[in-house]
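*Asks:* Mind looking at a prediction? Sequence and model below.
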Amino acid sequence: MTPDELVAFRIHGVTAEFIDELKQTGLRDLKPKDLVALRIHGAEPAWIRQIQALGYANLSVDNIVALRVHGVTPEFIRDAQNHGLKDLSLDKLIQLKQLGILKTSAITFI
């Protein structure tokens with residue numbers, strides 16, 4: 001690792017424990033920039049496991065960051081699934097969130 005990467009780890013709280021927990025989610029061969037991005041965007045291992053449990057097992061770092069950036073939560077996905085919107089791609093989930101089509105407990109069409 002470079003000195004800059006070590007500093008970034010320290011600043012953003014990338015710890016050995018965080019890395020180990022990410023590995024337990026199935027994420028492997030993560031680069032330092034991936035670890036920092038996950039930490040910056042609040043992609044905690046428990047959150048990742050919740051998304052995986054909802055049918056999205058093969059997540060990449062880019063997928064995870066996109067979900068976090070756009071505010072797609074496990075609750076949002078469950079709500080969509082409870083309204084019959086199952087097997088949606090990650091891109092479709094993000095579109096639903098961006099457009100505000102799905103609201104808690106009801107589907108609203110704009």
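*Replies:* That came through fine. Numbers count the residues shown, from 1 in each chain.
*Asks:* Just give the number of residues close to residue 40.
*Replies:* A count of nearby residues for residue 40, using other CB atoms under 10 Å, gives 15. The way it works is simple: take the backbone N, C-alpha and C, and place the C-beta from them, glycine included.
*Asks:* so where do the strands sit in this structure?
*Replies:* In the chain, the strands defined using DSSP state E lie at 102-103, 106-107.
*Asks:* Worst mean pLDDT among those?
*Replies:* When the strands of the chain are compared by mean pLDDT, strand 106-107 comes last with a mean of 50.
*Asks:* Look up the pLDDT of residue 28 for me, please.
*Replies:* At residue 28, pLDDT is 86.
*Asks:* Then residue 85?
*Replies:* So residue 85 comes in at 88 (pLDDT).
*Asks:* correct me, but it touches residue 101?
*Replies:* No. Residue 85 lies out of contact with residue 101 (CB atoms under 8 Å); the separation is 9.5 Å.
*Asks:* Sketch out the low-pLDDT regions of the chain for me.
*Replies:* Judged by pLDDT under 70, the chain has its weakly predicted residues at 102-110.
*Asks:* Closest to the centroid, which residue in it?
*Replies:* Geometric centre of the chain, nearest residue: residue 64, 3.1 Å, by CA atoms, centre = their mean.
*Asks:* Find the nearest non-adjacent residue to that residue, please.
*Replies:* residue 43 (4.8 Å; CB to CB, 6 or more residues apart in numbering).
*Asks:* So the one you found sits against residue 63, correct?
*Replies:* No. Applying CB under 8 Å, one finds residue 43 not in contact with residue 63, separated by 10.0 Å.
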